[in-house]
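K.L.:
just to be clear, the model below is a prediction. Sequence and coordinates:
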Amino acid sequence: MGFLFGLLGLLLILSAFFSGTETALMSLNRYRLRHRARSGHRGAKLAEALLRRPDRLIGLILLGNNLVNISAASLVTLISLRVGGEAAIAIGTGLLTLVILIFAEVAPKTLAALHPERVALPAAFIYYPLLRVLYPFVWVTNLLANAVLRLFGVRHDEAQSHSLSSEELRTVVNEAGAMISRRYRRMLTSILDLEKVTVDDIMVPHNEIIAINLEEPMVQILDQIQASQHTRLPAYRDSIDNVVGILHIRRLVTALRKADLTRDDLVEALQEPYYVPEGTPLSTQLVQFQQRKRRLALVVDEYGDIQGMVTLEDILQEIVGEFRTVPSDQHPDLQPDGAGGWIIDGSANVRELNRLLGWQLPTDGPKTLNGLILETLETIPEPGTVLELNDYPVEILATSENMVRSARIREREPPRLAAGAD
């Protein structure tokens, strides 16, 4: 009887092993497992190899689990007959069911679900050689099981890929918690957003492009070059719509030092302008900048008219944030009104307002505050007109014949609870 009870205990341990390791292997994070396998972890490599064909792994585990459970049931029957005869069989069956449920199913599976890597990776060293030894039995079992599945129209080679969509990857990044700092999480999600944001969203508008007029006197051109905060400037004749080229100021450093820069030297230093169509995603434009070795592009519409200008720095700022930190109250388009609101220029970019002030104005339509107001009202409003943009109170302060010059926007009010709500 001592030998029988010892054998029964061994079978229960094996049952707990099969149950727990099954849950652990199926609960593994496939991407973390792949990373550890690429890092050279032997157990991770074996586990990854086993999970390439989960049907074989499950077949092996269930083969062992059912074998030990059935053997344990037979052994309990034998022990019950020796202890109390046929009347004790029912009691033995009930006790075995309770013991298997607690010690061989619930407890090991809960432990494996909480710590899958600690359980699964050591178990892979047992399952990998065991699968090779028992492969004929597993193959026959899977052959019959797959034949049954095919009767219901299910094929094992139609399993879904474990690759992540961009939205799923965004969720993984946002839920990384302390593993990735908030700043890096913001940068990663910004990279994922590059496909949704176009050059129209970040470009410098047509009327705000700082450029050189080649028709002006050389003295004024030299003063503009020396005072410029930019290293690249478009050069045009007559109007900004007639861009001749892009001037890289560093090419003129020697001539500027000697003070002998002529108009011909200036024209000769111009680089051919680079045009991109409006609506180009930032992800595409970033690659084009890299391939063409360019840092500045002019955005044109379907008629070839210049709509704005976009630079490599603008795209990088979308990923990493502003390179130069400018306080909100010192921004040229923003002015605090002294009462908790902001007086904002109508030409202010909506995405920039959201980034500077932490607001949530809609960005899927017009790019400027003026465009957003006109789209909402469908008319040029009179000063004093009040409206709401995504629950932000907006008061029109000044208008002209064709646009809103300035508006006052206050912080969005917190939602109010309905009367009688808890």
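P.N.:
Perfect, thanks for sending it.
K.L.:
quick one: pLDDT of A113?
P.N.:
For A113, the model assigns a pLDDT of 90.
K.L.:
look up how far G64 lies from it.
P.N.:
Distance of A113 to G64, computed by CB to CB, to the nearest Å: 20 Å. (C-beta placed from N, C-alpha, C; glycine too.)
K.L.:
who's more crowded, those two?
P.N.:
More crowded of A113 and G64, by other CB atoms under 10 Å: G64, with 19 against 14.
K.L.:
ok but that one is inside a strand, no?
P.N.:
No - G64: not assigned to a strand; according to DSSP: H, G, I helix; E, B strand; the rest coil it is helix.
K.L.:
now it. Nearest residue, chain neighbours left out?
P.N.:
F18 (5.0 Å; CB to CB, 6 or more residues apart in numbering).
K.L.:
after the helix or strand containing T21, next one along is what?
P.N.:
Assigned by DSSP states H and E, T21 belongs to helix 2-27. Using DSSP H and E, the next helix or strand after helix 2-27 towards the C-terminus is helix 30-38.
K.L.:
buried stuff in that following helix?
P.N.:
Using 16 or more other CB atoms under 10 Å as the burial criterion, the residues of helix 30-38 that qualify are 33, 36-37.
K.L.:
also stretch 105-115?
P.N.:
105, 108-109, 111-112.
K.L.:
same thing with stretch 74-93?
P.N.:
75-77, 79-80, 88-89, 92.
K.L.:
how about these in CSV, adding pLDDT?
P.N.:
Below are the buried residues of stretch 74-93 laid out as CSV (pLDDT from 0 to 100):
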residue, pLDDT
L75, 88
V76, 88
T77, 87
I79, 85
S80, 84
A88, 80
I89, 83
G92, 84
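K.L.:
export those residues to CSV and tack on secondary structure and distance to S228?
P.N.:
Listed next are those as CSV, based on DSSP: H, G, I helix; E, B strand; the rest coil; distance: CB to CB, whole Å:
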residue, secondary structure, distance to S228
L75, helix, 90
V76, helix, 90
T77, helix, 94
I79, helix, 94
S80, helix, 96
A88, helix, 98
I89, helix, 96
G92, helix, 92
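K.L.:
tabulate those (a markdown table), appending distance to T399.
P.N.:
A markdown table is the format used below for those (distance: CB to CB, whole Å):
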| residue | distance to T399 |
| --- | --- |
| L75 | 91 |
| V76 | 89 |
| T77 | 92 |
| I79 | 94 |
| S80 | 94 |
| A88 | 95 |
| I89 | 93 |
| G92 | 90 |
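K.L.:
now, the most widely separated pair of those?
P.N.:
Spanning the widest gap among the buried residues of stretch 74-93 are L75 and A88, at 13.6 Å by CB to CB.
K.L.:
if we can go back for a sec, the residue nearest to G64: what's it in contact with?
P.N.:
By CB atoms under 8 Å, 6 or more residues apart in numbering, the residues touching F18 are 61-62, 64-65, 68.
K.L.:
name the member of those residues with the most neighbours.
P.N.:
Ranked by the number of neighbours (other CB under 10 Å), the contacts of F18 place I61 first, at 24 neighbours.
K.L.:
show me what contacts that residue?
P.N.:
Neighbouring residues of I61 by CB under 8 Å, 6+ apart: 18, 21-22, 127.
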